[in-house]
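> I would like the atomic coordinates for the input below:
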Amino acid sequence: MNTDPDEVFRARVAKHAALADPARLRIVDLLTVGDLSPTELQAELGMPSNLLSHHLRTLEGAGLMTRHRSEADKRRSYIRLAPGALEGLVPGAEHGARRVLFVCTRNSARSQLAVALWNQVSEIPSTSAGTHPADRIAPGTIDVARRHGVALADLPPRRLDEVAHDEDFVVTVCDNAHEEIPNLGGIHWSVPDPLRLNTEDAFEGAFTDIARRISDLVPRLHAA
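Numbers count the residues shown, from 1 in each chain. As a prediction, the model looks like this:
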């Protein structure tokens, strides 16, 4: 007997219908590990922009994806999976990694939190770096980690070129870093910079966003 409320059932049907198209399934596979701009998706898929726009509208209408403006280049937007988009659905392919490297601009907030959260749930080593590192970890980062009982790595902000290895699985958590070094590889998470507002709520939002993304990524990575 079908015990799903009608609204939930219709939402499930819409998601499955949207994913029945091979191109849209491929888009969702790509978004399961990171955010992509329409231009990046178009290059990855090799399809005309008008066809990509059609597929994105369909996925958005089915509640599978959302989009928001880049904090760096305001003309650019990023596509991401909607929260809970894949509940009850099988995610995309797995990836192998020797070490996970989280990168942001100043290596004082988002990338530091990402390492701390990653180390709680994965045995794959991780570290962080910045394209233009700050002098110290932001106080808001220390405060939000303490509130959640998360231990930050005992490392000051460091330069990317001093830390990166060729075999790293790179995760940029900052639009500026991702757009400054587009050939860095890996995946991108478009996490808003909590230092722009520098409030407790902003750091809580970044913490929650990163924690959810790590929870989604951990089962998708295996030690290489």
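> which residues of this protein fall in strands?
Secondary structure of the chain (DSSP state E): strands at 65-69, 77-81, 95-97, 100-104, 126-130, 169-172, 187-188, 221-223.
> number of residues surrounding Ala164?
Look at Ala164: counted by other Cβ atoms under 10 Å, it has 16 neighbours. Every residue, glycine included, has its C-beta placed from N, CA and C.
> any idea how far Arg158 is from it?
Per Cβ to Cβ, to the nearest Å, Ala164 is found 10 Å from Arg158.
> where does this protein dip in pLDDT?
1-5, 88-93 (pLDDT under 70).
> now the most centrally placed residue in it: how far from Pro48?
Centrality entry for the chain: nearest residue to the mean C-alpha point is Trp189, 2.7 Å, by Cα atoms, centre = their mean. For Trp189, the distance to Pro48 equals 27 Å [Cβ to Cβ].
> same question for Val121.
40 Å.
> who has more neighbours, those two?
Val121 (13 against 10).
> that one contacts Leu217, doesn't it?
No. With contact defined as Cβ atoms under 8 Å, Val121 does not count as touching Leu217 (9.7 Å).
> may I have the biggest helix by length in the chain as PDB, with CA atoms only?
As assigned by DSSP state H, the longest helix anywhere in the chain is helix 200-217. Output in PDB follows, covering the C-alpha atoms of helix 200-217 (Å, rounded to 0.1, in the frame of the first residue of the first chain):
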ATOM      1  CA  GLU A 200      28.000  34.300  14.500                       C
ATOM      2  CA  ASP A 201      25.200  33.400  12.100                       C
ATOM      3  CA  ALA A 202      27.500  33.600   9.100                       C
ATOM      4  CA  PHE A 203      30.000  31.200  10.600                       C
ATOM      5  CA  GLU A 204      27.200  28.900  11.700                       C
ATOM      6  CA  GLY A 205      25.900  28.900   8.100                       C
ATOM      7  CA  ALA A 206      29.300  28.100   6.700                       C
ATOM      8  CA  PHE A 207      29.900  25.300   9.300                       C
ATOM      9  CA  THR A 208      26.500  23.700   8.500                       C
ATOM     10  CA  ASP A 209      27.000  23.900   4.700                       C
ATOM     11  CA  ILE A 210      30.500  22.400   4.900                       C
ATOM     12  CA  ALA A 211      29.400  19.700   7.300                       C
ATOM     13  CA  ARG A 212      26.500  18.600   5.000                       C
ATOM     14  CA  ARG A 213      28.800  18.500   2.000                       C
ATOM     15  CA  ILE A 214      31.400  16.400   3.800                       C
ATOM     16  CA  SER A 215      28.700  14.000   4.900                       C
ATOM     17  CA  ASP A 216      27.700  13.600   1.300                       C
ATOM     18  CA  LEU A 217      31.300  13.300   0.000                       C
END
